[in-house]
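Engineer: quick one: sequence plus predicted model below, questions after.
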Amino acid sequence: MRNLKTDYFEDLQLFKDGLQLFWSVVFLLLLFVLPFFVKTYYLTIINLMAVNVIVALGLNLLVGNTGQISLGHAGFVAIGAYTTVLLLKAGVPFIFALMASGAVTALFGILLGIPSLKLEGPYLAIATLAFGLAVTTVIGRMDFLGGRMGMNVPKIGLGWTGLKYDQSLYYLIVIITVLCIIATRNLLKSRIGRAFQAIRDSDIAASAIGIHLTKYKLYSFGISALFAGIAGSLWALYLGFINPTLFNFILSINFLVIIVLGGLGSITGSVMGAIVLTYLNLQLEDVVDIPVLGDLLLRFSETFMTTTGVSNVSWFLTGFILILIVLFEPLGLYGLWLRTKIYWKRWPF
Amino acid sequence: MLGQLIVSSLVVGSIYALLALAMSITYKASEVPNFSQGEMAMISTYMTFVMLSSFGLPFYSAMLITIAFAFLLGLLLEFLFLRRAKMPTPLNLIVITIGFQLMLYGLAGWKWGSEQRQINLPFSESKVIYQNDFFALTELNLATLAIAIVVLIVIYLLIQRTKLGLAMKACQQNINASKMNGISANRIMAITFGISSVVGAIAGVLVAPILTLDPSMMWDPLLKGFAAAVLGGMKSLHGVVIGGLLLGIVENLFGFYISIEFKSVVAFAIIVLVLYFKPSGLFDKHYLRKV
Amino acid sequence: MAFFHVQQLRKSFGGLTAIDKLDFQVEEKEIFSIIGPNGAGKSTIFNCINGLYRPEQGQIQFNGENLVGKRPDQIAKAGIARTFQNLELFAHMTTLDNIMLGRHLRMRASIGAILGLSFKRSKAAKEELTHRKKVEEIIDFLELESARDQFVSNLPYGKQKLVELGRALALEPDLLLLDEPAAGLTQEEREDMVFWIKDIRDLLGITVILIEHNMQMVQNISDRILAINFGKQITTGSPEEVLGHPEVIRAYLGEDITQAQ
């Protein structure tokens, strides 16, 4: 039996109750000790998931909480990545490169926010899409950015931790991700987060209570871009090599799918969506290697389809799963999670 | 040279116009831009290919079957997926169309692989029909323009002069009132998607000789078609058509005189610029909500 | 100089003139009602005051400033709050959050400070809690305790209207615009609303302008009334004067009945 709340602060504090605190600590400890128990390969998967979480947090702020749309978020990730690589090449320590990338990307976010002030729906969608396209095209044309061939990412000095490079990178990424989650949560519970949601629910009323629409929409774009920039910076480290084709329209769609899949407007949703979709994408890349199903697939392909094109099944399945989620659980994975919790709370009734 | 440029712009522009029209028809009805429009057109075009090569049908029969197939495909999207959404917010419906797009893309790649195929339309690309000092018009050019114009006229007549068109307009403007007046809104919605799919399929078949048939054939055209629709004003049918033609012209002129690489980006940039001054496109009315 | 003065206001939409040569004053701590048949232009007046519409002509003088041309958020800052005829609540938020949004202007925390929200000692948390107390006072005042943590879309209509009122009060405005506060309420809710509006003026010292169709309420609480029709003023005065005015009766009841009288 949970205690009744006695203090207004309980609504603000990070952990709802002792139970949540306990499980969060357990989870964090698990993440902490993981590098000593598992192969590096699994660490890199978590790194990828974490980077996607950061982008999802930012995008969800913009789309789920402020009610805007962005089909060009890959552009922000690109800006973050390239800024970091340039600065690292110039000898700037990574921590400053990271902050600078975030700042530069945020600036671009505010820039993109300006047309957003008047546009809605498909009109805004096209504007953001144009942005994403412009970023990759311009990067592809600039030789000092490596042009279409791309650039190598210098390895950063993580030796001082005494751990292997991959383990240090893992800690770096995971810690930053956790900080981003806390920051997002605080933001959403504050006046700024509320202002975002007000704009989403009724911009007329929001304006009538004193919310300067322009300022807050630009904030939303800026913060959302900031997150994407940080993620881009970390992703560049992870990949070791970047080129413009990485940051295409498909990537932007991927991010959108993550937040819809996970649950719009919810932090848990962003995290779950990122984890699940990253895993799904990885599994489907080598779909024929899945035991049992892979062979069935191959046999089916020989008779009805082509075997060369069998990797395309991943597209088919991703699309199908997407549709299923929207059809049956529009609140995304977070919605499923809530439903499950309520079911078990009430069990066996 | 300019003359030739304008001819090819108009040809490309009319294809953009068809795609823009297809998007606008469903957007007007459902407030959802159909992201799978391109893939639907692509699959329908593959159907034409199969009819022509595997079954050896004459072109016009193949086209008829393709049109029927495209219509059914549109019905399927609406009936099976869009209608079943529990929470039909615009973003959710967009995601459904994206899901459908991925499914079709995967299906096409799976079934036919990524090699480029040839579709032979009965219009020759090299035979020149008309020529003067400024430009030359090939049979294919003329056919493309003519077919596009015919489709536009047919759609116009359908919407303005038939009972079905009236029902479609009614559903777009006030779905509940339409239902209460005896219109089966569900059926009309399905038919709307079917019609838009047919328009898209025709565009796809016209694109195939130019871009050659492969699963990702429609990505760029659809994007341009979408942009053109936005430029013209997504809810204005004549607006989107003009948007398509304009986009074709601007893009090609820029590509030729200034830079081929940046031509797509500039086209989009111009659209964003236009949107800044006219947030609902060139021809659409900007509605202010009454409080 | 009057507390609030609408001067020669004119607003058209294309060919339709919604309000024309509208001129009236409201005294401080008055309860001032605007009445008129549907389509007379009443909500248009509010939308012009609020900054949602921009009138072509005229001024709106409040506290020595002309409000015309300002954005809605600037007008909120100037001390004017409003409710909407068709309720503009934040549907995906709770009652508490809706009313907390009314405190937006009075809160100062910057983005940097907000990052420390989860720590009890932080500036942001302290500010949040101070304003939370104020919001709880409003919830208390409007008897919305049972609705506090519910999503407003789940509340019955009467309670939703109170939430919107609470949100407007949270701004601590000098002037409150109420757009049809009695519409859709039961008899009991209407009687409560009358008390609340009176309390808002008496206890909180807020000047109230309301648009209303319910003549009982209008008669009951107004100090003065403005009657308009077709965007033009018919008359202004005390309830007895206005409600007995032949033009006003004709506007509401039509030609034939007036003649039959």
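Structural biologist: Everything's here; your move.

Engineer: tell me where the chain has strands.
Structural biologist: Using chain A. Counting by DSSP state E, chain A has strands at residues A:151-152, A:241-242.

Engineer: wrong one, chain C
Structural biologist: C:4-13, C:16-26, C:31-35, C:57-62, C:65-66, C:80-82, C:175-179, C:207-211, C:224-229, C:232-237.

Engineer: which stretch among the ones you listed comes nearest B:Ile270?
Structural biologist: strand C:4-13 (31.2 Å; C-beta to C-beta). No exception for glycine: its C-beta is placed from N, CA and C like everyone else's.

Engineer: excluding its backbone neighbours, what's nearest B:Ser53?
Structural biologist: In this structure, B:Ser53 finds its nearest non-sequential neighbour in B:Arg117, 8.0 Å apart by C-beta to C-beta, 6 or more residues apart in numbering or on different chains.

Engineer: which residues touch the one you found?
Structural biologist: By C-beta atoms under 8 Å, 6 or more residues apart in numbering or on different chains, the contact set of B:Arg117 is B:Phe49, B:Ser53, B:Thr212, B:Leu213, B:Asp214.

Engineer: just the strands of chain C: most buried one?
Structural biologist: For the strands of chain C, average neighbour numbers computed from mean count of other C-beta atoms under 10 Å in any protein chain shown are highest in strand C:80-82, which has a mean of 27.

Engineer: what about it and chain B, any contact?
Structural biologist: No - using C-beta under 8 Å from any C-beta of the partner chain, strand C:80-82 stays clear of chain B, with a minimum separation of 9.8 Å.

Engineer: and the residue nearest to B:Ser53, how far from B:Ala267?
Structural biologist: Using C-beta to C-beta, to the nearest Å, we find B:Arg117 at a distance of 28 Å from B:Ala267.

Engineer: buried residues in stretch B:202-222?
Structural biologist: B:202-209, B:213-215, B:217-219, B:221-222 (16 or more other C-beta atoms under 10 Å in any protein chain shown).

Engineer: give me the residues contacting that stretch.
Structural biologist: Identification of contacts with stretch B:202-222 by C-beta under 8 Å, 6+ apart yields A:312, B:15-16, B:18-19, B:22, B:37-39, B:41-42, B:44-46, B:48-49, B:63, B:66-67, B:105, B:108-109, B:112, B:114-121, B:123, B:125, B:140, B:144, B:147-148, B:151, B:225, B:264.

Engineer: ok so, going back, closest to chain A out of the strands of chain C?
Structural biologist: Proximity to chain A (C-beta to the nearest C-beta) singles out strand C:80-82 among the strands of chain C, at 5.9 Å.

Engineer: mean confidence score for that closest one?
Structural biologist: Average pLDDT, strand C:80-82: 95.

Engineer: so how far is it off the chain centroid?
Structural biologist: Distance of strand C:80-82 from the chain centroid (C-alpha atoms, centre = their mean, to the nearest Å) equals 6 Å.

Engineer: what do you get for stretch B:231-250?
Structural biologist: On C-alpha atoms, centre = their mean, the centre of stretch B:231-250 falls 12 Å from that of its chain.

Engineer: cool, stretch A:57-68 as well?
Structural biologist: For stretch A:57-68, the distance to the chain centre is 11 Å (C-alpha atoms, centre = their mean).

Engineer: now what about that stretch, what contacts it?
Structural biologist: Under the contact criterion C-beta under 8 Å, 6+ apart, stretch A:57-68 has outside partners A:69-70, A:73, A:116, A:124, A:180-181, A:184, A:187-188, A:193, A:196-197, A:199-201, A:216-217, A:220-221, A:223-228, A:231, A:255-256, A:258-259, A:262-267, A:269-270, B:91.

Engineer: filter these down to the buried ones.
Structural biologist: Among those, the ones that count as buried by 16+ other C-beta under 10 Å are A:69-70, A:73, A:116, A:124, A:180-181, A:184, A:187-188, A:193, A:196-197, A:199-201, A:216-217, A:220-221, A:223-228, A:231, A:255-256, A:258-259, A:262-267, A:269-270, B:91.

Engineer: not counting sequence-adjacent ones, nearest residue to A:Tyr82?
Structural biologist: Closest to A:Tyr82 by C-beta to C-beta, 6+ apart is A:Leu145, at 5.8 Å.

Engineer: the one you found: what's it in contact with?
Structural biologist: With C-beta under 8 Å, 6+ apart, A:Leu145 has these contacts: A:Tyr82, A:Leu86, A:Ile139, A:Met151.

Engineer: nearest to chain C, of the residues you listed?
Structural biologist: A:Tyr82 (25.4 Å).

Engineer: report pLDDT for the residue lying closest to C:Ser222 once chain neighbours are set aside.
Structural biologist: Excluding its sequence neighbours, the residue lying closest to C:Ser222 (C-beta to C-beta, 6+ apart) is C:Ser33, at 4.2 Å. pLDDT recorded at C:Ser33 is 94.

Engineer: bridging residues for C:Ser33?
Structural biologist: With DSSP bridges as the criterion, C:Ser33 is bridged to C:Leu210, C:Ile225.

Engineer: quick one, what contacts it?
Structural biologist: For C:Ser33, the contact set (C-beta under 8 Å, 6+ apart) comprises C:Ile209, C:Leu210, C:Ile211, C:Glu212, C:Val218, C:Ile221, C:Ser222, C:Arg224, C:Ile225, C:Leu226.

Engineer: longest single helix anywhere in the chain?
Structural biologist: This is for chain A. Ranked by residue count and defined by DSSP state H, the top helix of chain A is helix A:213-239.

Engineer: hmm, no, I was thinking of chain B.
Structural biologist: Scanning chain B for the longest helix, with DSSP H as the assignment, gives helix B:2-30.

Engineer: any idea how far stretch C:37-49 is from the chain center?
Structural biologist: Relative to its chain's centre, stretch C:37-49 lies at 12 Å (C-alpha atoms, centre = their mean).

Engineer: same check, this time on stretch C:83-103
Structural biologist: Worked out by C-alpha atoms, centre = their mean, stretch C:83-103 lies 14 Å from the chain centre.

Engineer: what about it, near chain A?
Structural biologist: Yes - Stretch C:83-103 is in contact with chain A by C-beta under 8 Å from any C-beta, via C:Phe84, C:Glu88, C:Leu89, C:Phe90, C:Ala91, C:His92, C:Met93, C:Asp97, C:Met100, C:Leu101, C:Gly102, C:Arg103.

Engineer: out of those residues, the closest to C:Pro239 would be?
Structural biologist: Closest to C:Pro239 out of these is C:Phe84 (25.2 Å), distances taken as C-beta to C-beta.

Engineer: who's in contact with the closest one?
Structural biologist: Counting by C-beta under 8 Å, 6+ apart, C:Phe84 makes contact with A:Ile204, A:Ala205, A:Ala208, B:Val291, C:Glu164, C:Asp179.

Engineer: for chain B, what are the nearby residues on the stretch 1-150 of chain C?
Structural biologist: C:Ser43, C:Asn47, C:Leu52, C:Phe84, C:Gln85, C:Asn86, C:Glu88.

Engineer: ok, the fifth one - how many residues close by?
Structural biologist: Just to be clear, that refers to C:Gln85. Other residues within reach of C:Gln85, judged by other C-beta atoms under 10 Å in any protein chain shown, total 16.

Engineer: that one contacts C:Glu180, correct?
Structural biologist: Yes - the pair C:Gln85 / C:Glu180 is scored as a contact, 5.1 Å apart, by C-beta atoms under 8 Å.

Engineer: mutual contacts of these two, please.
Structural biologist: What both C:Gln85 and C:Glu180 touch, as defined by C-beta under 8 Å, 6+ apart, is the set C:Ile211.

Engineer: which residue packs closest to the residue of the stretch 1-150 of chain B found nearest chain C, ignoring adjacent ones?
Structural biologist: Nearest to chain C in the stretch 1-150 of chain B, going by C-beta to the nearest C-beta, is B:Thr89, at a distance of 11.1 Å. Using C-beta to C-beta, 6+ apart and skipping the chain neighbours, the partner closest in space to B:Thr89 is A:Pro330 (7.7 Å).

Engineer: pLDDT wise, what is that neighbour at?
Structural biologist: pLDDT, A:Pro330: 81.

Engineer: chain A contacts on the stretch 101-250 of chain C?
Structural biologist: When proximity is defined by C-beta under 8 Å from any C-beta, the stretch 101-250 of chain C lies next to chain A at C:101-105, C:107, C:109, C:111, C:114-118, C:120, C:124-125, C:128-129, C:132-133, C:167-168, C:171.
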